[in-house]
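Visitor: sequence? don't have it. structure:
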């Protein structure tokens, strides 16, 4: 079943390009720090050096190695993205499924709650929470971001399940004596799986962007280095005005590349899974 | 003897939580279906005929009333898993939309395996495949064209035939056919109807057609129930209902249907 | 000859896809007489909707007119509209000479635009003073049994039957000679269907429209209103004859099959039974050689697999494309 679902994806050029770019960065984030064993926080006297043999991507004001920071930053940003995505997906799936299956009052209450979250300016709330906390780990940042990007996913899951539940093949499975559990495993999950997978990708994207946004205004993680933190330091030290391009270009490029790769992947998935677009 | 007895059946839908709205889809209807009998429940969309069908199929619960199938109230007397399974074996359905009747993620024969597993949990792959092939032949399909195909690869007529093959495998005593021909081309409609009536002729199955098409009802049924706004407004043999309608609504309906051999006077 | 409103001569219209074409209308010739209703029937995908667009010269890519002539009578002489561009036909013919109610037109009305606005657009397009035109629209609405107050409403406020009546009233505001209606009744319940048919025929009686092409899959409806029936199969005309004769004795085996699958509540139908045409309509990208119906035809002969039958007059007024009625069969 999953073979037939995902096989067409690998025949789509866009998807493959997006996936390759993403996998390169994933590898950089995971393997990079293990191979390039330079401490990103170690200060040296070679401050604000352009790329050289010793520091392939140069150094910052405190003489810290940019490449080491970049690799560490990619790792942290992806970590925050994944974590935020998992949190959003979990909340969205639970709320969406409960709404669709239970209907009635539970549906009304859950959807009202979802709409409230959907309409609150989530960036503001995130800023408020973040500024309230003095110590912010990567996990806390992921949690803050994850708590605010699920509503549209919950609504979509609810809508999809509602439409599937009144589809005739679900009736026919039920008439073949299927238990609720078996119905969920065999008929409902495959239907929402493709959509959830697509949303997962978009949520990672949202997590990475959100982290960068919070970091840039100084409310990012207080521990560790992320791509957003790197950019914030570069901004603080006016790297842009002073022409220290090796400082702000690498994290900028990394963020743009990772997020566009994720967007390309999700558009490609939309094309493949959306029957109307596939008909062509 | 009556295979199905419906007594004072009603269904009211409550919509909304903050502003409650009542929709009475089915209002206190009663009827019986005998063994070996084909009946039709005729009505326009919104008449409550599909809701009635779903209640009889034990898919949505009635608000009040009884549905007694082969001596047991299907909403009150079926308590154990075995009782429910035996009910499922005996009452089955063919739905309107051949596309929505198949989960697009699975090959079409999944629907046939489902009923085989319902009949015998431990059926062997080989035995099952033989039965499936046999049932496909029975509905005029070549297993070669069907097995391993996905729903979008076969035509609507073929899909609907597989649904009838499902009934042939299960051999239920009662089939609800919910608009089985309305979404397939006219030229293959006759075949589907014949396959269904053959089930009655060979197995003694009772069949209830749910349809908006009085032509179909007139052609296949032993008795017709006409539904309007959740109520049965007229019932009788096809000739009684079609040739000599009593209720105002039935009269208007029959007068409005274009005929082939008779020209309307007032057009 | 001179009383035909429109002549269609050997028209071919294909959908041009990347590397192949869909032969939706393939070498079709017929005439539409003044003051007649032609019912066009066929299964889904036989090209009947394409035909209605071709008649209007509403040809938008990927559809292309490959060959043939379409002549339309205006002021006593025939104008070859197939040599004009879609823009030119639209300006000079649409609305005034010919009008189309496309399939599902009533659901294509924008829910946020008042019905009145459509009338005003039409007035603008034809440089007619708006108030005069609106007055005419009000009169027409009364004719189709709609309160003129509905002009000031939004489409979503009207029921299906009312919407369809509003559509026909607006489509015929400029008194076109020819009205083409593509499945206008299939989304309506039978009571509204009949009301629509009544209005349609009333318009013809009053001379608001002269001729009507009624495209549908429902033979019983055509039987009620049409003078002639045109049977299409896989982009070809199989048979065209007066409706009474076709119902009494269909000639082409495909027409026979279609008629025998009609299911109306009539004792005659019950007596006769219904039959099925085996198989499915062919793919129009690569239709079968010879007669396109031969793979499904119970009377197929050797010649049917080799040669394409021509549409020939076999009785006065009856034309059939079938070798059963031709001397050519060997």
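Guide: Structure received. Not measured: the values here are computed from a predicted model.
Visitor: Was I right to think residue B:222 contacts residue B:33?
Guide: No: with contact defined as CB atoms under 8 Å, residue B:222 does not reach residue B:33; the gap is 9.4 Å. All C-beta spots, glycine's among them, are computed from the backbone N, C-alpha and C.
Visitor: Of these two, which one has the most company?
Guide: Neighbour count, other CB atoms under 10 Å in any protein chain shown: between residue B:222 and residue B:33, residue B:33 has more, with 23 against 16.
Visitor: Grab the nearest non-local neighbour of that one.
Guide: Excluding the flanking residues, the one nearest residue B:33 by CB to CB, 6 or more residues apart in numbering or on different chains is residue B:4, at 4.3 Å.
Visitor: Please report the distance of that neighbour from chain C.
Guide: From residue B:4 over to chain C the distance is 25 Å, taken as CB to the nearest CB, to the nearest Å.
Visitor: what about that residue, which SS state?
Guide: strand (DSSP: H, G, I helix; E, B strand; the rest coil).
Visitor: residues contacting residue C:13?
Guide: Residues near residue C:13 by CB atoms under 8 Å, 6 or more residues apart in numbering or on different chains: C:24, C:25, C:50, C:51, C:54, C:59, C:63, C:64, C:65, C:66.
Visitor: In the top helix by length along chain C, which of the residues would be classed as buried?
Guide: Longest helix in chain C, counting residues (DSSP state H): helix C:190-205. Buried residues in helix C:190-205, counted by 16 or more other CB atoms under 10 Å in any protein chain shown: C:190-201, C:203-204.
Visitor: could I get these as CSV with distance to residue C:74 and pLDDT?
Guide: Formatted as CSV, the buried residues of helix C:190-205 follow (distance: CB to CB, whole Å; pLDDT from 0 to 100):
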residue, distance to residue C:74, pLDDT
C:190, 38, 90
C:191, 38, 90
C:192, 34, 91
C:193, 33, 92
C:194, 34, 93
C:195, 32, 92
C:196, 28, 93
C:197, 28, 94
C:198, 29, 94
C:199, 26, 93
C:200, 23, 94
C:201, 25, 94
C:203, 20, 93
C:204, 19, 93
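Visitor: Run through the strands of chain A in chain order.
Guide: With DSSP state E as the criterion, chain A has no strands.
Visitor: Let me see the ranges of the helices in it.
Guide: Under DSSP H, chain A gives helices at A:2-6, A:13-35, A:66-102, A:104-119, A:122-132, A:138-146, A:151-165, A:168-175, A:180-183, A:189-216, A:227-236, A:245-273, A:275-278.
Visitor: Over to chain C?
Guide: With DSSP H as the criterion, chain C has helices at C:48-55, C:86-92, C:115-125, C:130-143, C:160-171, C:190-205, C:219-225, C:243-248, C:253-260, C:267-272, C:302-306.
Visitor: Mind pulling up the pLDDT for the closest residue to residue A:110 other than its chain neighbours?
Guide: Excluding the flanking residues, the one nearest residue A:110 by CB to CB, 6+ apart is residue A:99, at 4.6 Å. Residue A:99 is assigned a predicted lDDT (pLDDT) of 87.
Visitor: Kindly report the same for residue C:330.
Guide: For residue C:330, pLDDT reads 48.
Visitor: for residue A:278, same thing?
Guide: pLDDT for residue A:278: 46.
Visitor: how far away is the residue nearest to residue A:110 from residue A:86?
Guide: 20 Å (CB to CB, to the nearest Å).
Visitor: quick one, which of the two is more surrounded?
Guide: More crowded of residue A:99 and residue A:86, by other CB under 10 Å: residue A:99, with 25 against 16.
Visitor: Please name the residues that touch the more buried one.
Guide: A:106, A:107, A:110, A:111, A:114, A:154, A:158.
Visitor: change it to 10 Å
Guide: A:106-111, A:113-114, A:154-155, A:157-159, A:161-162 (CB atoms under 10 Å, 6 or more residues apart in numbering or on different chains).
Visitor: With adjacent residues omitted, what lies nearest to residue C:289?
Guide: Using CB to CB, 6+ apart and skipping residues adjacent in sequence, the residue nearest residue C:289 is residue C:305, 6.7 Å away.
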